[in-house]
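# My questions concern the predicted model and sequence given below.
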Amino acid sequence: GAGVSQSPSNKVTEKGKDVELRCDPISGHTALYWYRQSLGQGLEFLIYFQGNSAPDKSGLPSDRFSAERTGGSVSTLTIQRTQQEDSAVYLCASSSQRGNQPQHFGDGTRLSIL
Amino acid sequence: SQQGEEDPQALSIQEGENATMNCSYKTSINNLQWYRQNSGRGLVHLILIRSNEREKHSGRLRVTLDTSKKSSSLLITASRAADTASYFCATETSGTYKYIFGTGTRLKVLA
């Protein structure tokens, strides 16, 4: 596709359930980022993938959060045993190479934990 | 904690006026970028300025970078109602490919 695609666009789930969020980056982009944005706030870095290198997971807030990127393309962010404080918009971005490149963002997944 | 802090948090101006937003950061950077976010959407890249650059222009946008003060400013000239959005600065930390985003400036341009 022409841009970064994220699905679902909205997700409502009960506390304690697991959720999977998907990101399709721009074709050919080797760098992929996940961020979390709480209402009215800036973006909080979660994880960064670059090609086949080991991901930078330093922003994941707890071991309930994990992410993978299969085949260097599609990425999935998984949150296990969701808590109400996980409610936020989860944004994915990709860029064409490492360093000094603009990031291209998807429209995000709005996650609401009841 | 967030490295980038934008100032002001909110700004309301009349169409045709200029809007200036400031960003401060804390560590050495490779570059600084400005993004716009419309409500309910993802961020759109506006402009990137590298650490060895001092000023950059793109259309009605002008960005300055002062690495000695660890600050940047974004100037939007001749603002339009369509410029209404939140604006974020993001810094790429030296030695990493990690970006730190600020808390944003909410700009409202009144027609």
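Looks like it came in fine. Just so you know, these numbers come straight off a predicted model, no measurement behind them.
# Do a quick rundown of the strands in the chain.
Let's take chain A. Along chain A, counting by DSSP state E, strands occupy A:5-7, A:10-13, A:19-24, A:31-37, A:43-50, A:65-69, A:75-79, A:88-95, A:104-105, A:109-113.
# that answer is for a different chain, and I need it for chain B
Using DSSP E, strands in chain B cover B:5-7, B:10-14, B:19-24, B:29-37, B:43-50, B:55-58, B:61-66, B:71-76, B:85-93, B:99-101, B:105-110.
# In CSV, list those along with distance to chain A.
Yep, even glycine has a C-beta here, placed from its N, CA and C like the rest. Putting these into CSV (distance: least, CB to the nearest CB, whole Å) gives the following:
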stretch, distance to chain A
strand B:5-7, 8
strand B:10-14, 10
strand B:19-24, 11
strand B:29-37, 5
strand B:43-50, 4
strand B:55-58, 12
strand B:61-66, 13
strand B:71-76, 15
strand B:85-93, 6
strand B:99-101, 4
strand B:105-110, 8
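# worst average pLDDT in the ones you listed?
Among these, strand B:5-7 has the lowest mean pLDDT, at a mean of 84.
# how many neighbours does A:Arg81 have?
11 (other CB atoms under 10 Å in any protein chain shown).
# Run a quick check on it versus A:Asp18, I expect a contact.
Yes: A:Arg81 is within contact range of A:Asp18, at 6.9 Å (criterion: CB atoms under 8 Å).
# for residue 64, what are its contacts?
Picked chain A for this. Neighbouring residues of A:Arg64 by CB atoms under 8 Å, 6 or more residues apart in numbering or on different chains: A:79-83.
# oops, chain B please
Counted by CB under 8 Å, 6+ apart, B:Thr64 has contacts B:54-55, B:72-73, B:75.
# Let me have these in a markdown table, adding distance to A:Gly71 and neighbour count as columns.
Shown next, in a markdown table, are the contacts of B:Thr64 (distance: CB to CB, whole Å; neighbours: other CB atoms under 10 Å in any protein chain shown):
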| residue | distance to A:Gly71 | neighbour count |
| --- | --- | --- |
| B:Arg54 | 41 | 10 |
| B:Glu55 | 41 | 11 |
| B:Ser72 | 37 | 25 |
| B:Ser73 | 41 | 17 |
| B:Leu75 | 43 | 14 |
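# what would these look like in CSV with distance to B:Thr27?
Shown next, in CSV, are the contacts of B:Thr64 (distance: CB to CB, whole Å):
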residue, distance to B:Thr27
B:Arg54, 19
B:Glu55, 22
B:Ser72, 14
B:Ser73, 19
B:Leu75, 24
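# Tell me the bridge partners for the residue nearest the centre of chain A.
Nearest to the mean C-alpha position of chain A, by CA atoms, centre = their mean, lies A:Trp34 at 3.3 Å. Beta-bridge partners recorded for A:Trp34 (DSSP bridges): A:Ile47, A:Cys92.
# ditto for B:Ala10
B:Arg106.
# Can you tell me what sits against stretch B:37-49?
A:4, A:43, A:91, A:93, A:100-108, B:31-36, B:55-56, B:58, B:61, B:63, B:65, B:72, B:74, B:85-88, B:104.
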